[in-house]
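Participant: Structure for the following, please:
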Amino acid sequence: MASSRRQFVQGMGGVALATLLARRAVGGVPKGPQKGAPKEGDIKLPAGAVMPMRTLGRTGVNVSLLGLGGFHLGIPRDDKEAVRIVHAAMDHGVTFLDNCWDYNDGKSEERMGLALADGRRARAFLMTKLDGRTAASAAQQLEQSLKRLRTDHIDLVQVHEVIRMSDPDRVFGPGGAIEALVAAKKAGKVRFIGFTGHKDPSIHLHMLATAAKHGFTFDTVQMPVNVMDAHYKSFLHEVIPRAHDHDTGVLGMKSLGSGILLQSGVVTAPECLRWSMSQPVAVQITGCDTMGVLEQALSIALGFQPMPAAEAERLLARTAAPAADGRFERFKTSDTFDGTARNPKWLESAQL
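Facilitator: Residues are numbered from 1 along each chain as shown. Sure, this is the predicted structure:
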């Protein structure tokens with residue numbers, strides 16, 4: 001049965017697969033519980049297990065191996081459930097909280113701010129991202145994020161969606177976003193500065209090189225780290241070694257690709273999570289829109305043991321064929337995940 005399913009999926013044309021996945025998406029990115037996702041209570045968490053902590057590169061800060069993704073916090077039907085997910089994650093040792101100015105029209109940041117308003121802010125390493133490419137737009141977006149998150153400072157702010165070769169020059173050019181971030185750091189509103197992207201490792205490398213040309217070193221860099229990335233436009237192979245050369249903290253994301261990787265029929269969610277956490281990342285961020293999905297991620301992270309080399313090699317061999325053309329890493333091969341491509345005004349405006 002599994003073999004037949006693999007043959008079916010691998011034999012689907014790119015257009016057919018794109019149509020299938022688009023039907024399962026709202027606003028481009030797949031939303032809502034994926035078919036077969038665990039329900040609350042399905043997975044028993046290991047008793048007494050401790051969340052592993054890793055050093056976030058040159059920041060010197062110890063953060064949780066598992067990071068809670070911010071986008072998916074905008075999916076639950078009400079604020080109360082989103083807050084419950086954040087609290088449960090933190091109660092089990094998650095300290096790294098991801099977010100972005102544009103996620104769900106600001107709802108994700110608002111919900112995270114609500115979750116931290118009960119005194120938990122000091123226990124969190126809070127990160128958000130900004131789309132603005134100009135100093136003015138980045139500064140305005142930062143002020144909005146601070147208000148939504150109900151805090152006077154954000155631990156890490158990252159330039160979001162560096163997915164075009166032109167982005168680095170815009171960020172570092174006269175009046176570019178980096179000016180606002182450096183000023184905010186001096187003012188105590190931001191502790192550390194990084195950037196993110198999901199399109200092509202060559203763009204990440206250009207961003208790192210452009211920063212170096214301007215005498216700037218990023219504290220962090222965020223990128224896709226998943227079992228299929230190793231076979232196609234690999235951030236793992238091309239970007240992580242360069243980041244480590246400068247002690248730039250590596251943040252992994254898209255371990256499941258919003259569930260799309262699982263549609264290949266050759267991997268399971270626990271395998272994907274464990275493989276990604278076994279890579280040289282400081283944090284592996286994953287989106288959790290339900291308590292069941294959070295419990296699944298926590299079950300892998302708590303008491304985590306790296307995947308043995310032989311098991312990792314078998315998993316890579318199993319994913320080689322479906323991963324070869326990037327069809328399941330749609331954030332690389334389509335505009336499905338490119339929020340700023342569909343909303344170019346975000347790059348220049350602070351208004352959602």
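Participant: List the residues that contact the residue nearest to E161 when sequence neighbours are not counted.
Facilitator: In space, and not counting its chain neighbours, E161 is closest to T340: 4.7 Å by C-beta to C-beta, 6 or more residues apart in numbering. To be clear about C-beta, it is placed using only N, CA and C from the backbone, and glycine gets the same treatment. Each residue near T340 by C-beta atoms under 8 Å, 6 or more residues apart in numbering is listed here: 102, 131, 160-161, 163, 346-347.
Participant: run the last query once more with 6 Å
Facilitator: Under the criterion of C-beta atoms under 6 Å, 6 or more residues apart in numbering, the contact partners of T340 comprise 131, 161, 346-347.
Participant: ok, so what distance separates it from S64?
Facilitator: According to C-beta to C-beta, to the nearest Å, T340 stands 28 Å off from S64.
Participant: Assumed G113 was part of a helix.
Facilitator: Yes - residue assignment for G113, taken from DSSP: H, G, I helix; E, B strand; the rest coil, places it within a helix.
Participant: Correct me if wrong: it contacts L146.
Facilitator: No - counting by C-beta atoms under 6 Å, G113 does not reach L146; the two are 9.3 Å apart.
Participant: Now the helix or strand encompassing T340: buried residues?
Facilitator: Under the criterion DSSP states H and E, the helix or strand holding T340 is helix 339-342. For helix 339-342, burial by neighbour count (16 or more other C-beta atoms under 10 Å) applies to 339-341.
Participant: and what of stretch 92-112?
Facilitator: Within stretch 92-112, judged by 16+ other C-beta under 10 Å, the buried ones are 92-104, 106-112.
Participant: what does stretch 247-259 give?
Facilitator: Result for stretch 247-259 [16+ other C-beta under 10 Å]: buried residues 248-259.
Participant: where do the strands sit along the stretch 201-350 of the chain?
Facilitator: With strands called from DSSP state E, counting those that start in this stretch, the stretch 201-350 of the chain shows them at 220-224, 249-253, 283-286.
Participant: Strand partners (parallel or antiparallel) of the last one?
Facilitator: Here the strand partners of strand 283-286, with direction, are listed using DSSP bridges: strand 66-68 (parallel), strand 249-253 (parallel).
Participant: Residue ranges in the chain under the pLDDT threshold?
Facilitator: Counting by pLDDT under 70, the chain has low-confidence residues at 1-35, 350.
Participant: Let's see that with 90 instead.
Facilitator: Under the criterion pLDDT under 90, the flagged ranges of the chain are 1-37, 46-48, 118, 258, 303, 349-352.
Participant: tell me, what residue is most central in it?
Facilitator: The chain has M253 as the residue nearest its centroid, 3.7 Å off, counting by C-alpha atoms, centre = their mean.
Participant: Any idea what it is bridged to?
Facilitator: Listed by DSSP bridges, the beta-bridge partners for M253 are P224.
Participant: looking at it, V281 is touching M253, isn't it?
Facilitator: No - using C-beta under 6 Å, V281 is not in contact with M253, being 9.3 Å away.
Participant: what are the phi and psi values for K129?
Facilitator: Summarising the backbone geometry of K129 under the convention degrees, to the nearest 10, its torsions are phi -130, psi 150.
Participant: check contacts around the residue lying closest to it once chain neighbours are set aside.
Facilitator: Nearest non-adjacent residue to K129, counting by C-beta to C-beta, 6+ apart: H160, 3.6 Å away. Going by C-beta under 6 Å, 6+ apart, H160 touches 100, 129-131, 196.
Participant: Ranking by neighbours, what's the top pick from the residues you listed?
Facilitator: When the contacts of H160 are compared by neighbour count (other C-beta atoms under 10 Å), L130 ends up highest, at 28 neighbours.
Participant: That one pairs with what?
Facilitator: Judged by DSSP bridges, the bridge partners of L130 are V159.
Participant: I figured it hits A138, correct?
Facilitator: Yes - with contact defined as C-beta under 6 Å, L130 reaches A138; the gap is 5.1 Å.
Participant: how close does P201 get to V221?
Facilitator: Relative to V221, P201 is positioned 11 Å away (C-beta to C-beta).
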